[in-house]
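In: predicted structure and sequence below. I'll ask about it afterward.
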Amino acid sequence: MSGQEFISKKEKLDFKDLVLQHLKRILEHSKNEFRQRKKIIPPSSNMNEVIILEENEAIIFIQMVELFSYILKPYFDEKITPKYNQCIKIINLSEFDYAKEHKKEMFEAYDILVGGEKPTSIPYDQITKILTIEQLKQAKILFVELNMLLHRIDYLKGTIYSEDSEETEEPK
């Protein structure tokens with residue numbers, strides 16, 4: 001028994017549904033302002049102490065777009081590949097690599113943040129903030145490009161216009 005027998009046809013998702021659900025989640029998430037939020041979980045009968053979780057909405061958006069690009073990668077064409085490579089390079093950078101590879105841009109951004117002071121060094125939390133802003137910018141560019149890709153391959157046509165499509169075209 002392969003386990004497939006226990007999934008009803010209604011519960012089974014095809015690849016197109018998966019893509020559309022992920023796209024919907026990104027759009028739902030992006031309607032909120034991208035900011036740092038703290039979530040406080042009060043003590044209960046199971047826990048003795050308060051837990052404070054910090055969520056950065058921008059990082060969540062970046063990760064969602066990154067995953068969306070990985071899902072759609074088999075459908076990439078020659079138009080999106082260079083933009084994808086450019087965006088994903090920044091999205092995947094660590095703070096250390098960003099500080100090393102983009103030192104000039106980082107100091108210029110920090111100069112704007114602190115208001116004209118010429119710093120000799122930048123605190124780690126500020127490097128993280130500057131990198132997150134750049135990654136968010138690249139994730140937005142990538143998201144637009146992914147949507148243009150979906151349009152080019154007519155991926156959403158059957159869903160948007162409620163036409164019954166035969167089968168989703170296999171990736172090239």
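Out: Cool, got the structure. Residues are numbered from 1 along each chain as shown.
In: make it CA atoms for all contacts and neighbour counts henceforth
Out: Noted.
In: low-confidence stretches in this structure?
Out: 1-13, 31-55, 116, 155-172 (pLDDT under 70).
In: which elements pack onto the longest helix seen in it?
Out: Using DSSP state H to define each element, the chain has its longest helix at helix 124-152. Contacting helix 124-152 under the criterion 3 or more Cα pairs under 8 Å, 6 or more residues apart in numbering; DSSP states H and E are the following elements: helix 57-72, helix 80-91, helix 95-101, helix 103-114.
In: buried ones in the last one?
Out: Put plainly, it is helix 103-114. By neighbour count with 16 or more other Cα atoms under 10 Å, helix 103-114 contains the buried residues 106-107, 109-110.
In: any chance of those in CSV, with distance to Leu142 too?
Out: Listed next are those as CSV, based on distance: Cα to Cα, whole Å:
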residue, distance to Leu142
Met106, 21
Phe107, 25
Ala109, 22
Tyr110, 25
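In: I figured Cys87 hits Lys140, correct?
Out: No. Contact criterion Cα atoms under 8 Å: Cys87 and Lys140 do not qualify, at 9.2 Å.
In: more crowded one of these two?
Out: Neighbours were tallied for Cys87 and for Lys140 using other Cα atoms under 10 Å; the higher tally belongs to Cys87 (22 against 15).
In: need the contact list for the residue nearest to that one when sequence neighbours are not counted.
Out: Spatial nearest neighbour of Cys87, chain neighbours left out: Gln138 (5.1 Å); criterion: Cα to Cα, 6 or more residues apart in numbering. For Gln138, the contact set (Cα atoms under 8 Å, 6 or more residues apart in numbering) comprises 87-88, 90-91.
In: give the buried residues for stretch 17-25.
Out: In stretch 17-25, counting by 16+ other Cα under 10 Å, buried: 19, 22-23.
In: closest one of those to Tyr75?
Out: Closest approach to Tyr75 among the buried residues of stretch 17-25 (Cα to Cα): Val19, at 11.9 Å.
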